[in-house]
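> What shape does this take:
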Amino acid sequence: MNLQQLRYAVEVAKTGSITAAAKNLYMGQPNLSKSISKLEEELGVALFDHRKGKIELNDYGRMFLSSVDIAFAELNAGVQ
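Got it, this is the predicted structure:
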């Protein structure tokens, strides 16, 4: 897992769409999907549920992204 994958997951969660997140991240949708899949595989759980063209965080995703938000806040504080 790397910081880029975490940023990608945050953007997908924020937009609720792989396509919209890929556009915001200036990357192709297939590459973003692969990156999210690799992150989920490494964690051993799905972070998102797919529903009628939308993608939503599931319970695991909400818990994990909460920790990611804290980690990013700490990193930003360290930089400042």
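> For the rest of this, base every contact and every neighbour count on C-alpha atoms.
OK.
> where's the spatially most central residue of the chain, which helix or strand?
The C-alpha lying nearest the average C-alpha coordinate of the chain belongs to residue 9 (C-alpha atoms, centre = their mean; 0.6 Å). Residue 9 belongs to helix 3-15 when assigned by DSSP states H and E.
> longest helix of the protein?
Criterion DSSP state H: the longest helix present in the chain is helix 59-79.
> and the angle from it to helix 3-15?
Per axes from the mean of the first three to the mean of the last three C-alpha atoms, to 10 degrees, the angle that helix 59-79 makes with helix 3-15 is 120 degrees.
> What is helix 59-79 packed up against?
If you count contacts as 3 or more C-alpha pairs under 8 Å, 6 or more residues apart in numbering; DSSP states H and E, helix 59-79 packs onto helix 3-15.
> any idea how far the helix it packs on is from the chain center?
Offset of helix 3-15 from its chain centre (C-alpha atoms, centre = their mean, to the nearest Å): 3 Å.
> go on, stretch 34-43?
Distance of stretch 34-43 from the chain centroid (C-alpha atoms, centre = their mean) equals 9 Å.
> Tell me the buried residues in the helix holding residue 9?
Of all the residues in helix 3-15, those buried under the rule 16 or more other C-alpha atoms under 10 Å are 5-13, 15.
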